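Enquirer: Kindly return the folded structure for what I paste below:
(2 chains)
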Amino acid sequence: GNSVTQMEGPVTLSEEAFLTINCTYTATGYPSLFWYVQYPGEGLQLLLKATKADDKGSNKGFEATYRKETTSFHLEKGSVQVSDSAVYFCALTMTGKLIFGQGTTLQVKP
Amino acid sequence: NAGVTQTPKFQVLKTGQSMTLQCAQDMNHNSMYWYRQDPGMGLRLIYYSASEGTTDKGEVPNGYNVSRLNKREFSLRLESAAPSQTSVYFCASSHRDRGEQPQHFGDGTRLSIL
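Expert: You can find the predicted model right below:
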């Protein structure tokens, strides 16, 4: 079946460091891919998305490229801030119903 | 902009009690979803409603029922709560049940079953 695997957390970085959160997926067709972010005590917010191979989603300095050949959608940011501390979820959908990874907690220290 | 509103935000129940979690959206979305979030497991789909008048099971439907009351409202009912249903519950909605449509989430209901 379809599934999403994310790197284990927590990821702890200093402010202005480079961020990569790995995400790989298994799917029988051509899914749409998403990154959602969850700040403490809140629901999930869409961070970025890509709907076909080689698309790059970007928002708030975060980027992710849909790589069909490696079935990956890694999240990157060049310089993280303390305010980026949150839980990040990679997700895929084939038919509108989302399948989530387990989430990766990011802690950014001043 | 209210978006997706869930009530209550917190609830403590005893084993065997029943409860209904409420969800309403004001974005005129066709599709609505209920998820549960457990540590280390991401979010798992309980039930969804692709459009008004239809509901379908997701990945973990056992112990739950849903009602799509109208286009705006989608409720989740626990008929006889069990400790295994202790979780954070999220409601979400999207314009339609298609792959590229992002889902909008409420802030969650934190439910503890004693």
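Enquirer: What score does the residue sitting nearest the centre point of chain B have for pLDDT?
Expert: Nearest residue to the geometric centre of chain B (CA atoms, centre = their mean): residue B:34, 2.7 Å. pLDDT recorded at residue B:34 is 97.
Enquirer: what's the distance between residue B:36 and residue A:77?
Expert: 29 Å (CB to CB, to the nearest Å). The way it works is simple: take the backbone N, C-alpha and C, and place the C-beta from them, glycine included.
Enquirer: Have a look at the two and say which one is more surrounded.
Expert: residue B:36 (23 against 20; other CB atoms under 10 Å in any protein chain shown).
Enquirer: which ones are touching that one?
Expert: Residues counted as contacts of residue B:36 (CB atoms under 8 Å, 6 or more residues apart in numbering or on different chains) are B:43-44, B:46, B:60, B:85, B:87-90.
Enquirer: Partner strands of the strand or helix carrying it, with direction?
Expert: In the assignment (DSSP states H and E), residue B:36 maps to strand B:31-37. As defined by DSSP bridges, the strand partners of strand B:31-37 come to strand B:43-49 (antiparallel), strand B:87-94 (antiparallel).
Enquirer: Same list, those strands, but as TSV with mean neighbour count and mean pLDDT please.
Expert: Rendered in TSV, the data for the strands paired with strand B:31-37 read as follows (neighbours: other CB atoms under 10 Å in any protein chain shown; pLDDT from 0 to 100):
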stretch	mean neighbour count	mean pLDDT
strand B:43-49	22	94
strand B:87-94	24	95
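Enquirer: With adjacent residues omitted, what lies nearest to residue A:11?
Expert: Closest residue in space to residue A:11, ignoring its immediate chain neighbours: residue A:106 at 5.1 Å, by CB to CB, 6 or more residues apart in numbering or on different chains.
Enquirer: what's around residue A:56, how many residues?
Expert: Counted with other CB under 10 Å, residues neighbouring residue A:56 total 10.
Enquirer: now residue A:41
Expert: Residues near residue A:41, counting by other CB under 10 Å, number 9.
Enquirer: Spit out the contact partners of the closest residue to it other than its chain neighbours.
Expert: Closest residue in space to residue A:41, ignoring its immediate chain neighbours: residue B:107 at 7.5 Å, by CB to CB, 6+ apart. Contact analysis of residue B:107 by CB under 8 Å, 6+ apart lists A:41-43, B:6, B:9.
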